[in-house]
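**Q** Could you work out the structure for the sequence below:
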Amino acid sequence: MSNGRLEDFSINTILGPGSSIDGDVESGGFTRVDGSIRGNLSARGRVVVGEKARMKSNIGGTTVTIGGVVYGNILASERIIILNTGLVLGDIITRRIQADEGCLIHGKVTVCQSEEAWDKAVAEYRDAQGVKSALSRFSLRPEKVNG
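**A** Okay, the predicted model is just below:
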């Protein structure tokens, strides 16, 4: 029991070894990834990225455990755990972090001690994501003109 309630550790969503998804994934609870995802993963519960998993994704969840490779940003509302086999190429925003010896993180790590700091960091992150999304709709290459 935690905080007066029984925690649900059943896995709601699993992507097994050898499986892949090309697209965004939204999960209602505990999610485990042992395959590959190219697209964002948003879970309302815990996320476990297995040792053989490969993700080109932004990840959101309550507690996020990384054992594989993640190329993207991670937003963990409770905590993030990066195992010694984990590789994160992106920014991390969380309330608590555990990084095992041997893991690799290449990005900015923001650990928020207060609710106010958390709200500010999340708002800034979402604003930045919105700008990137809007800019991605425009071509930055000059148009070729015939004539």
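
**Q** So which bits of the host helix or strand of Ile80 are buried?
**A** Per DSSP states H and E: Ile80 is located in strand 74-82. By neighbour count on 16 or more other CB atoms under 10 Å, the buried set for strand 74-82 is 74-77, 79-82. Yep, even glycine has a C-beta here, placed from its N, CA and C like the rest.

**Q** Save these as TSV, and put in distance to Ile21 too.
**A** Listed next are the buried residues of strand 74-82 as TSV, based on distance: CB to CB, whole Å:
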residue	distance to Ile21
Ile74	18
Leu75	19
Ala76	21
Ser77	23
Arg79	25
Ile80	22
Ile81	23
Ile82	22
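
**Q** hmm, which two among those are most spread apart?
**A** Largest separation among the buried residues of strand 74-82 by CB to CB: Ser77 and Ile82, giving 16.4 Å.

**Q** circling back: pull the residues that contact the strand holding Ile80.
**A** Outside strand 74-82, the residues that touch it by CB atoms under 8 Å, 6 or more residues apart in numbering are 58-66, 88, 90-100, 103, 105, 118, 122, 125.

**Q** how long is stretch 85-94 end to end?
**A** Stretch 85-94 has its terminal residues 20 Å apart, counting by CA to CA, to the nearest Å.

**Q** mind listing what Val64 touches?
**A** By CB under 8 Å, 6+ apart, Val64 lies in contact with 46-47, 49, 74, 76, 79-81, 94.

**Q** Which element, helix or strand, includes it?
**A** Going by DSSP H and E, Val64 is in strand 59-66.

**Q** got any ranges where this structure has weak pLDDT?
**A** 1-11, 133, 136-147 (pLDDT under 70).

**Q** so where do the helices sit in it?
**A** Along the chain, the segments classed as helices by DSSP state H run 115-136.

**Q** on that earlier part again, the strand holding Ile80 pairs with which strands?
**A** Applying DSSP bridges, strand 74-82 is found paired with strand 59-66 (parallel), strand 92-94 (parallel), strand 97-99 (parallel).
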